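Asks: here you go, sequence then predicted model.
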Amino acid sequence: MNNFNIRPKDLTDQEYFYGHKACAGCGATIAVRLALKVLGERTYSVLPANCMSAVSFIYPQMAFTTNAIISPFASTGAMLSGVAAGARALGIKDFQTVGFAGDGGTADIGFQALSGAIDRGDDIIYICYDNEAYMNTGIQKSGLTPYGTKTTTSPAGENLPGAVTQKKNMFEIVAAHGIAYAATASIGYPNDFLRKLNKAKEVRGPVFLHILASCPTGWGSKTELTVELAKEAVDSGLWYLAEYENDEFTLNKNPKEFIPVEEYLFKQGRFKHLKEKDINVIIEQRDKKWEKIRKSWL
């Protein structure tokens with residue numbers, strides 16, 4: 001921990017994101033709300049096609065009270081660069097430019113624009129809220145859908161466990177660009193997320209924050225479990241909290257023991273079909289990942 005710590009009571013009472021039409025228990029809305037409270041009212045937001053743009057820009061109602069715009073699906077990174085350049089050209093100072101893109105809009109469709117923005121060294125913040133599928137268009141598999149997930153394009157059956165691929169290592173892919181600052185987070189650990197947001201707004205250059213945000217509709221989980229599930233993802237070792245800066249990785253939370261993965265997985269309808277052999281594959285993949293993390297990031 002460092003002097004970027006920020007306490008919930010330090011947050012403004014002002015709301016910059018409310019009145020949206022998201023599903024009950026939506027984890028992404030928690031991420032957006034907290035992010036704007038830290039980044040402040042002088043923030044320009046860019047959103048591609050995703051749940052947050054679908055539920056927030058419904059004329060004549062607008063859930064953002066700060067400036068916000070919808071970009072083409074593939075262009076979040078490019079539009080962030082353009083908005084930041086335009087503001088500087090107008091002589092505007094003391095502002096933040098932030099993108100809120102989903103997992104598909106980041107790891108698949110929008111990756112080239114994100115890569116370009118990082119490569120240019122643009123002073124932007126890119127937040128990927130990861131609910132592990134294309135939830136807005138009918139729960140299709142994305143590049144960040146984990147192994148064993150049942151979606152409408154990765155069905156589960158006698159011969160298939162659901163998705164047969166693993167999540168892309170977006171955090172490490174972005175770090176490989178030599179980005180100024182990157183971090184992973186979870187809405188289940190809000191204090192950690194707030195600290196990383198507070199650091200992000202002080203960084204000069206591109207920032208990438210990858211936050212796990214549970215989705216009751218797509219995950220088949222109870223709405224009241226949204227935050228609990230995001231926490232259990234970390235506690236079971238199926239997600240991790242880490243940072244990258246100055247060419248170094250740092251692990252922020254290193255559990256002595258993981259909670260059983262079944263405790264996290266079987267609260268979700270998308271994993272109810274998993275058999276013992278599928279669970280063993282997930283555990284094997286987790287342990288392999290953590291062996292590498294603990295060897296290199298501690």
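Replies: Done, it's in. Numbering: from 1, shown residues only.

Asks: list of residues touching stretch 81-98?
Replies: Applying C-beta atoms under 8 Å, 6 or more residues apart in numbering, the contact partners of stretch 81-98 are 35, 39-40, 42-46, 69, 80, 116-117, 120, 122-127, 201. Quick note: C-beta positions are derived from backbone N, CA and C, even for glycine.

Asks: how far does it sit from its chain's centre?
Replies: Computed by C-alpha atoms, centre = their mean, to the nearest Å, the chain-centroid distance of stretch 81-98 equals 24 Å.

Asks: same question, stretch 3-16
Replies: Distance, centroid of stretch 3-16 to centroid of chain: 20 Å (C-alpha atoms, centre = their mean).

Asks: just the CA trace of it, in PDB.
Replies: C-alpha atoms of stretch 3-16 as PDB (Å, rounded to 0.1, in the frame of the first residue of the first chain):
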ATOM      1  CA  ASN A   3       0.000   7.200  -0.400                       C
ATOM      2  CA  PHE A   4      -2.500   6.600  -3.200                       C
ATOM      3  CA  ASN A   5      -4.900   5.000  -0.600                       C
ATOM      4  CA  ILE A   6      -8.300   6.500  -0.600                       C
ATOM      5  CA  ARG A   7     -11.100   5.600   1.900                       C
ATOM      6  CA  PRO A   8     -14.800   5.300   1.000                       C
ATOM      7  CA  LYS A   9     -15.500   8.200   3.300                       C
ATOM      8  CA  ASP A  10     -13.200  10.300   1.200                       C
ATOM      9  CA  LEU A  11     -15.400   9.900  -1.800                       C
ATOM     10  CA  THR A  12     -17.700  12.800  -2.900                       C
ATOM     11  CA  ASP A  13     -21.400  12.500  -2.200                       C
ATOM     12  CA  GLN A  14     -21.900  13.800  -5.700                       C
ATOM     13  CA  GLU A  15     -23.100  11.200  -8.200                       C
ATOM     14  CA  TYR A  16     -21.900  11.200 -11.800                       C
END
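
Asks: show me what counts as buried in it.
Replies: Ile6, Tyr16 (16 or more other C-beta atoms under 10 Å).

Asks: where does the stretch 151-298 of the chain dip in pLDDT?
Replies: Residues of the stretch 151-298 of the chain meeting the criterion pLDDT under 70: none.

Asks: what segments of it are strands?
Replies: 181-186, 207-212, 242-245, 248-251 (DSSP state E, counting those that start in this stretch).

Asks: strands paired with the third one, and their directions?
Replies: When you say that, I think you mean strand 242-245. strand 181-186 (antiparallel), strand 248-251 (antiparallel) (DSSP bridges).

Asks: what does the second one give?
Replies: Pairing partners of strand 207-212, with direction, according to DSSP bridges: strand 125-130 (parallel), strand 181-186 (parallel).

Asks: contact partners of that strand?
Replies: 27, 31, 114, 118, 124-130, 132, 170-171, 174, 179-188, 193, 196-197, 200, 230, 233-234, 239.

Asks: where are the low-confidence patches of the stretch 1-150 of the chain?
Replies: 1-2.

Asks: how about the helices in it?
Replies: Using DSSP state H, counting those that start in this stretch, the helices of the stretch 1-150 of the chain run over 27-39, 51-56, 76-89, 103-107, 111-120.

Asks: next, the angle from the last one to strand 181-186.
Replies: Direction vectors for helix 111-120 and strand 181-186, defined by axes from the mean of the first three to the mean of the last three C-alpha atoms, to 10 degrees, enclose an angle of 140 degrees.

Asks: quick one: helix 111-120 to chain centroid distance?
Replies: Taking mean C-alpha positions (C-alpha atoms, centre = their mean), helix 111-120 and its chain are 17 Å apart.
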